[in-house]
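*Asks:* Predicted model, plus sequence, below.
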Amino acid sequence: DIKQRVANKFGLNVEDLDSRRRLANLAHPRQLAMFLARQHTSCSLQDIGAAFGRDHSTVLHALRSIQSKLSSDSELRDTVKRLEETFA
């Protein structure tokens, strides 16, 4: 569900988030979906990584990257807030 909502927000398919491609227009939404999955599920880093075809260290990098950007990027904070509102 998180992957679908993030994909829709960025005009992507869920398959794009699962792809091995590292293009910025795919990597950022993928990292955001991983961040939201960690915040809003009880899934482990390994479980989240498996859901995206990645390992736990990639998920950890995504979490740190998004957390770092949240402090200085108001657009990202708004995006996270709007996505989180759809989870309620």
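*Replies:* That came through fine. Residues are numbered from 1 along each chain as shown.

*Asks:* Check which helix or strand the most centrally placed residue in the chain maps to.
*Replies:* Nearest to the mean C-alpha position of the chain, by CA atoms, centre = their mean, lies Ala33 at 1.8 Å. Element membership for Ala33 (DSSP states H and E) is helix 24-40.

*Asks:* Could you look up the next helix or strand downstream of that helix?
*Replies:* The element immediately downstream of helix 24-40 (helix or strand, assigned by DSSP H and E) is helix 45-51.

*Asks:* Which strands or helices does the helix or strand following that following helix pack on?
*Replies:* Toward the C-terminus, helix 45-51 is succeeded by helix 56-70 as the next helix or strand (DSSP H and E). For helix 56-70, the packing partners by 3 or more CB pairs under 8 Å, 6 or more residues apart in numbering; DSSP states H and E come out as helix 24-40, helix 45-51, helix 74-87. Heads up, the C-betas are built off the backbone N, CA and C, glycines and all.

*Asks:* contacts for helix 56-70?
*Replies:* Helix 56-70 is contacted from outside by 30-32, 34-35, 38, 44-46, 48-49, 52, 76-77, 80, using CB atoms under 8 Å, 6 or more residues apart in numbering.
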